[in-house]
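# Here's my sequence, what's the structure:
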Amino acid sequence: MAPTRVALAFCAAGLLGGCSFTSDALWPSLSGSEPSAQQGQQVQIPPSAQERSGQPLVNPNGAMPAPPPTLGTTNFVPPPVTPGQPTGTFVGQKVVQLRGELQRMQQQISEENGRLQGIRRETIDHSQRYHGALASINARLQVGTTPGNPNLVNQWNVAQAELARVDGDIASMNSLANDVAGTSTMSAYLLETTRAAYGLTGAVEEDHRQLAILEDEVNRTVVLIDRLLNELSEDINRQTTYLSNERSNLTALSLAIKNGEMFGGSLSNRAYSSAAPVAGAAPGFAAPTAQYSSGATPRRPLVVIRFDKPNVQYQQALYTAVSRALERRPQALFDLVAVASGRGSPGQVTVATNRAKRDAESVLRTLSGMGLPMDRVRLSAMTSPQAETNEVHIYVR
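Below is the predicted model of the structure:
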């Protein structure tokens with residue numbers, strides 16, 4: 001037997017039913033030999049702790065979720081309105097009217113500031129309860145638990161409910177921002193009206209002195225409203241981004257609870273957001289392209305999963321490999337290839353092909369549960385006379 005075939009047999013026996021990770025598969029040229037007959041050194045992923053000891057694998061790199069972004073802390077209290085003495089002139093009466101409008105507007109700002117502080121307190125409370133539930137789940141997964149533990153499922157439901165409350169807090173912030181925007185429009189109108197009052201006839205010096213004081217106070221109020229709007233907008237943007245990331249993390253965490261072992265954060269938080277969608281990345285299986293066909297020089301796979309026994313435990317190795325790939329190349333796309341054994345009669349090959357496709361669909365669902373966007377994955381299927389059992393190959397594009 002050729003040395004490369006001996007290396008293949010050793011690799012197939014040592015992996016968890018068989019996962020292999022090519023550490024240098026991301027950066028060299030996309031040429032190379034078949035995975036089953038490839039030259040060069042491969043880094044093997046050993047059998048998982050769950051398969052060896054019946055306990056979940058502790059992921060040493062499984063980072064805890066990031067804390068929620070800090071909310072603004074400014075307390076927006078409008079400056080007091082300076083009282084003035086009536087002068088008995090028409091302009092003096094206009095000053096009294098404008099001063100009353102400023103007082104009403106400042107009262108409205110005080111109410112909006114109270115709403116803002118209340119929303120912040122509720123958001124902090126909801127975030128703390130969410131992270132408390134999340135910490136309990138991660139701690140239990142870290143030390144090991146049973147697949148589908150109902151206690152963890154209940155805690156996951158609590159975390160999801162608290163995250164939904166954070167979503168409600170963001171909706172309250174948006175509603176408040178609309179109200180503050182209306183107050184800002186009113187303040188701009190009041191400032192223009194105050195300045196226009198200088199042009200009215202029939203005023204005395206005291207009227208213009210009070211108008212100058214009033215104009216300064218309106219200006220300070222306008223600046224206060226602008227700062228309130230800016231800080232509120234920053235809070236909304238940060239919380240919205242955080243909420244989107246945590247929803248993806250919850251999805252990945254549900255898969256970890258199902259399998260009873262900890263993976264890590266959602267892959268969607270590592271994936272890029274600017275690359276164009278993949279053409280033809282439909283859930284169906286495409287015909288094998290030239291790069292997978294016999295006679296062509298195929299690329300080296302990132303992961304090879306061999307389904308040579310029931311219940312192959314490939315999830316942790318798959319997460320680690322794809323996570324590292326996204327760390328190196330955030331814009332990476334993936335090809336998921338179902339490789340069926342071409343040995344045997346035509347009927348046996350057909351059965352093997354259908355089984356390989358089902359295995360590939362299972363791997364695709366696992367990647368989706370880990371948070372990898374499905375428009376980053378392209379499916380295809382092929383048969384290989386060299387394959388002794390059904391395999392799923394994952395390539396980086």
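# what's the domain layout of the protein?
Following automatic domain parsing, one finds the domains of the chain at 3-61+270-396, 90-259.
# Show the average pLDDT along the first one.
Going back to what we said before, that points to domain 3-61+270-396. Averaging pLDDT along domain 3-61+270-396 gives 65.
# As TSV, the domains of the chain with distance to Pro80 would be great.
Placement of C-beta: from N, CA and C, glycine included. Shown next, in TSV, are the domains of the chain (distance: least, Cβ to Cβ, whole Å):
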stretch	distance to Pro80
domain 3-61+270-396	47
domain 90-259	8
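# Tabulate those domains (JSON lines), appending distance to Leu71 and mean neighbour count.
As requested, these are exported to JSON lines (distance: least, Cβ to Cβ, whole Å; neighbours: other Cβ atoms under 10 Å):
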{"stretch": "domain 3-61+270-396", "distance to Leu71": "24", "mean neighbour count": "17"}
{"stretch": "domain 90-259", "distance to Leu71": "5", "mean neighbour count": "17"}
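# For Gly72, which of those domains is the nearest?
Of all the domains of the chain, domain 90-259 sits nearest to Gly72, with 4.1 Å by Cβ to Cβ.
# re earlier: I'd like to know which of the domains of the chain is closest to Thr70.
Taking the domains of the chain one by one with Cβ to Cβ, domain 90-259 is closest: 8.0 Å.
# gap between the two ends of that closest one?
80 Å (Cα to Cα, to the nearest Å).
# In contact with Thr241, which residues?
Pro69 (Cβ atoms under 8 Å, 6 or more residues apart in numbering).
# about what we covered before: out of the domains of the chain, nearest to Val77?
domain 90-259 (6.8 Å).
# now that closest one: mean pLDDT?
Per-residue scores along domain 90-259 average to 91.
# So what touches stretch 170-178?
112, 115-116, 119, 229, 232-233, 235-236, 239-240, 243.
# From the chain's centroid, how far away is it?
Mean-position distance between stretch 170-178 and its chain equals 22 Å (Cα atoms, centre = their mean, to the nearest Å).
# Ok, stretch 153-162 next?
18 Å.
# ditto for stretch 367-386
21 Å.
# elements contacting the host helix or strand of Asn354?
According to DSSP states H and E, Asn354 maps onto helix 346-369. Contacts defined by 3 or more Cβ pairs under 8 Å, 6 or more residues apart in numbering; DSSP states H and E place helix 346-369 against helix 205-259, helix 315-328, strand 334-341, strand 377-384, strand 391-396.
# Could you rerun that using 10 Å?
Helices and strands touching helix 346-369, as assessed by 3 or more Cβ pairs under 10 Å, 6 or more residues apart in numbering; DSSP states H and E, comprise helix 205-259, strand 303-306, helix 315-328, strand 334-341, strand 377-384, strand 391-396.
# Restricting to C-alpha, output it in PDB.
The C-alpha trace of helix 346-369 is given here as PDB (Å, rounded to 0.1, in the frame of the first residue of the first chain):
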ATOM      1  CA  PRO A 346     -25.600   1.100  -9.200                       C
ATOM      2  CA  GLY A 347     -28.300   0.600  -6.700                       C
ATOM      3  CA  GLN A 348     -25.900   0.700  -3.800                       C
ATOM      4  CA  VAL A 349     -24.300   3.900  -5.200                       C
ATOM      5  CA  THR A 350     -27.800   5.500  -5.400                       C
ATOM      6  CA  VAL A 351     -28.500   4.600  -1.800                       C
ATOM      7  CA  ALA A 352     -25.100   5.900  -0.600                       C
ATOM      8  CA  THR A 353     -25.700   9.100  -2.500                       C
ATOM      9  CA  ASN A 354     -29.000   9.800  -0.900                       C
ATOM     10  CA  ARG A 355     -27.600   9.000   2.500                       C
ATOM     11  CA  ALA A 356     -24.600  11.300   1.900                       C
ATOM     12  CA  LYS A 357     -27.000  14.100   1.000                       C
ATOM     13  CA  ARG A 358     -28.900  13.600   4.200                       C
ATOM     14  CA  ASP A 359     -25.700  13.700   6.200                       C
ATOM     15  CA  ALA A 360     -24.700  17.000   4.400                       C
ATOM     16  CA  GLU A 361     -28.100  18.500   5.200                       C
ATOM     17  CA  SER A 362     -27.600  17.500   8.900                       C
ATOM     18  CA  VAL A 363     -24.200  19.300   8.800                       C
ATOM     19  CA  LEU A 364     -25.800  22.300   7.100                       C
ATOM     20  CA  ARG A 365     -28.500  22.500   9.900                       C
ATOM     21  CA  THR A 366     -25.700  22.300  12.500                       C
ATOM     22  CA  LEU A 367     -23.900  25.200  10.900                       C
ATOM     23  CA  SER A 368     -27.100  27.200  10.800                       C
ATOM     24  CA  GLY A 369     -27.700  26.500  14.500                       C
END
